[in-house]
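1. let's see this in three dimensions:
(chains A, B and C)
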Amino acid sequence: MPLRDDIQAYLDKDPAARFAWQVVLLYPGFQALLVHRLAHWLHLKGLFFLPHFLAYLVRIITSIEIHPAAKIGRRLVIDHGVGVVIGETATVGNDVIMYQGVVLGGTGKDRGKRHPDIEDGVFLSAGCKILGPVRVGKNAKVGAGAVVLKDVPPGCTAIGVPARILDRGEK
Amino acid sequence: MPLRDDIQAYLDKDPAARFAWQVVLLYPGFQALLVHRLAHWLHLKGLFFLPHFLAYLVRIITSIEIHPAAKIGRRLVIDHGVGVVIGETATVGNDVIMYQGVVLGGTGKDRGKRHPDIEDGVFLSAGCKILGPVRVGKNAKVGAGAVVLKDVPPGCTAIGVPARILDRGEK
Amino acid sequence: MPLRDDIQAYLDKDPAARFAWQVVLLYPGFQALLVHRLAHWLHLKGLFFLPHFLAYLVRIITSIEIHPAAKIGRRLVIDHGVGVVIGETATVGNDVIMYQGVVLGGTGKDRGKRHPDIEDGVFLSAGCKILGPVRVGKNAKVGAGAVVLKDVPPGCTAIGVPARILDRGEK
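-> Model (predicted):
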């Protein structure tokens, strides 16, 4: 069951998460994801106000803002999560983890598709900003506070402001 | 009418904003600005508790913190906005846009005037911090995550931590 | 009395704080600390749900997230504070000041002790991230937006992404 999977992901990835009920009742990241799943389903049914209102309400509670149109895969973990923004045309794959303040945003230059694609298994550290219609490849990592404006190849690590890609072997 | 202008600015600048009622009901950045206009007016009347209490309440709802004494021009767009801080002695011109996590703060070294002046048409990208009584000139841009501790001349772009000014022509 | 000390610290360090009642009623950073003191006491008594529920509630109000197990010294000032995260195994000394978006977090690599130790008198500027079981020494400063992944010696200043230690005399 997808929902059970979503909960299990927190128990696997956050050492401070001990019980399933703890994740459901006390983890804002999980709650924001749960409400997003409903809002996104309503969005796909063609509704406008209700999904946006749900996203607005959950942002008040959690300080996490996910646009109802954003496509999010399975087992996303949003840990802490205050300040997380996931834009309208962003996509997020399976088994992604993101921390406080991560933004999947636009640069202000694009119309239409203007937010990033995050592939499976990506690790987005606290405060990093991924801006524009760029792709962060499978199992890539983005360092804390990094600002990513270009594609990150699969398996690579991006750090710095603006971000550069670390060579393999570089620490 | 100023209020209509404020709403129109969102419709012009955020591709995800489609209807005026959507901005009024569902955009925390607009709501924080609206309450600030009232709090600032009460502040100018010499009241203390009420404007600060309004700012406190709207911070709970929106996670945007604007000191009642801050002077803000027309058509400010605060997009997403979780974590935005606008300090007591900051000024913001007309047609400014700012994103998640932008701080117009102090360095802890100054008393009295200790927050920045942001001139007309400035673009402040996600997570940038402008600290101290510095000036960001007309139509300047500050990149995501940048930390600005010195003046940014009009029309220039500042990026990096701490920020450097890009030469014209540099990308 | 410790609580009086906590309030006085705001009056001393934030030029915008004028009255004790203002700090108590209108300062989310103080409120988050007060609730944390109670949650931490309940945590030490062996309770689980209640301290975590208090931390969850105060995070909704303040957008500040302090794990009930985190050990926090006297006179901590959290100014603005949206996005502040203090992890489970973090310790914070006396007379520390931190601003919006400061994260005392993990890197995802450690189990057990996985969050930083912040010693007395440390200054943590807006948006900095201190990650992993590192130590920030007495009276050290961390610049805005800096990402600290290694120890910072006492009295030193760390800036940049990732952070480097400034030589004495360097500005």
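
2. please count neighbours and contacts with C-alpha atoms only from this point.
-> Noted.

3. ok, now which ones touch residue A:122?
-> With contact taken as C-alpha atoms under 8 Å, 6 or more residues apart in numbering or on different chains, residue A:122 is in contact with A:95-97, A:136-141.

4. residue A:125 too?
-> By C-alpha under 8 Å, 6+ apart, the contact list for residue A:125 reads A:98-100, A:102, A:141-145, C:107.

5. ok, and the closest non-adjacent residue to it?
-> Nearest in space to residue A:125, with sequence neighbours left out and distances taken as C-alpha to C-alpha, 6 or more residues apart in numbering or on different chains, is residue A:144 at 4.6 Å.

6. repeat for residue A:25
-> Spatial nearest neighbour of residue A:25, excluding adjacent residues (C-alpha to C-alpha, 6+ apart): residue A:31 at 8.0 Å.

7. how about the helix or strand of chain A with the lowest mean pLDDT, which residues are buried there?
-> The helix or strand of chain A with the lowest confidence, counting by mean pLDDT, DSSP states H and E, is helix A:2-13 at a mean of 92. Under the neighbour-count criterion of 16 or more other C-alpha atoms under 10 Å in any protein chain shown, helix A:2-13 has A:6-11 buried.

8. output that helix as PDB - backbone C-alpha positions only.
-> In PDB, the C-alpha atoms belonging to helix A:2-13 read as follows (Å, rounded to 0.1, in the frame of the first residue of the first chain):
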ATOM      1  CA  PRO A   2       1.500   3.300  -1.000                       C
ATOM      2  CA  LEU A   3       0.700   5.100   2.200                       C
ATOM      3  CA  ARG A   4       2.300   2.400   4.300                       C
ATOM      4  CA  ASP A   5       5.400   2.800   2.100                       C
ATOM      5  CA  ASP A   6       5.400   6.500   2.700                       C
ATOM      6  CA  ILE A   7       5.400   6.000   6.400                       C
ATOM      7  CA  GLN A   8       8.100   3.200   6.300                       C
ATOM      8  CA  ALA A   9      10.400   5.600   4.400                       C
ATOM      9  CA  TYR A  10      10.500   7.900   7.400                       C
ATOM     10  CA  LEU A  11      11.200   5.000   9.800                       C
ATOM     11  CA  ASP A  12      14.000   3.900   7.500                       C
ATOM     12  CA  LYS A  13      15.600   7.200   6.900                       C
END
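
9. give me the angle between the longest helix anywhere in chain A and helix A:2-13.
-> Longest helix in chain A, counting residues (DSSP state H): helix A:28-44. Orientation check (axes from the mean of the first three to the mean of the last three C-alpha atoms, to 10 degrees): helix A:28-44 against helix A:2-13 gives 150 degrees.

10. what distance do you get for the closest residue to residue A:17 other than its chain neighbours to residue A:79?
-> The shortest distance from residue A:17 to any residue other than its chain neighbours is 5.3 Å, reached at residue A:11 (C-alpha to C-alpha, 6+ apart). Per C-alpha to C-alpha, to the nearest Å, residue A:11 is found 11 Å from residue A:79.

11. out of the contacts of residue A:122, which sit inside strands?
-> Members of these lying in strands (criterion: DSSP state E): A:97, A:136, A:141.

12. can you give me the neighbour number for the last one?
-> I take that to be residue A:141. 23 (other C-alpha atoms under 10 Å in any protein chain shown).

13. just the first one next, same as before
-> Neighbour count of residue A:97, defined by other C-alpha under 10 Å: 21.

14. is it bridged to anything, and to what?
-> residue A:77, residue A:123 (DSSP bridges).

15. low-confidence stretches in chain A?
-> Scanning chain A with the threshold set as pLDDT under 70 gives A:1, A:168-171.

16. 80 - rerun?
-> A:1-2, A:167-171 (pLDDT under 80).

17. hmm, back to that, could the buried residues of helix A:2-13 go into CSV alongside distance to residue B:163?
-> Converted to CSV, the buried residues of helix A:2-13 look like this (distance: C-alpha to C-alpha, whole Å):
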residue, distance to residue B:163
A:6, 39
A:7, 40
A:8, 41
A:9, 38
A:10, 36
A:11, 39
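
18. so which of those residues comes closest to residue B:25?
-> residue A:6 (30.6 Å; C-alpha to C-alpha).

19. contact partners for the residue nearest to the closest one when sequence neighbours are not counted?
-> The shortest distance from residue A:6 to any non-neighbouring residue, by C-alpha to C-alpha, 6+ apart, is to residue A:75 (4.4 Å). When contacts are counted by C-alpha under 8 Å, 6+ apart, residue A:75 is found next to A:2, A:5-9, A:94-96.

20. kindly recompute the last result at 7 Å.
-> A:5-6, A:9, A:94-95 (C-alpha atoms under 7 Å, 6 or more residues apart in numbering or on different chains).

21. just residue A:116 next, same as before
-> Residues near residue A:116 by C-alpha under 7 Å, 6+ apart: A:90-91, A:104, A:130-135.

22. give me the buried subset of the residues you listed.
-> A:90-91, A:104, A:130-135.

23. run through who's touching stretch A:16-30.
-> A:7, A:10-11, A:31, A:62, A:77-81, C:53, C:56.

24. would you list the phi and psi of residue A:72?
-> phi -120, psi 130 (degrees, to the nearest 10).

25. show me the contacts for it.
-> A:91-93.

26. CSV for these, including distance to chain B and secondary structure?
-> Putting those into CSV (distance: C-alpha to the nearest C-alpha, whole Å; DSSP: H, G, I helix; E, B strand; the rest coil) gives the following:
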residue, distance to chain B, secondary structure
A:91, 16, strand
A:92, 19, strand
A:93, 22, coil
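
27. who in chain A is up against chain C?
-> A:15, A:26, A:61-63, A:82-83, A:100, A:144-145, A:160-161 (C-alpha under 7 Å from any C-alpha of the partner chain).

28. the residues you listed in strands, which ones?
-> Short answer: the residues of chain A next to chain C have none in strands (DSSP E).

29. show the buried residues in those residues.
-> A:26, A:61-63, A:82-83, A:100, A:144-145, A:160-161.

30. about what we covered before: the residue nearest to residue A:6 and residue A:150, how far apart?
-> 25 Å.

31. swap in residue A:42?
-> The gap separating residue A:42 from residue A:150 is 32 Å, by C-alpha to C-alpha.

32. buried stuff in stretch A:43-61?
-> A:43, A:51-61.

33. correction: stretch A:102-111
-> Buried residues in stretch A:102-111 (16+ other C-alpha under 10 Å): A:102-107.

34. show me which residues of chain A sit near chain B.
-> Residues of chain A lying near chain B (C-alpha under 7 Å from any C-alpha): A:53, A:56, A:60, A:63, A:83, A:111, A:145, A:147, A:161-162.
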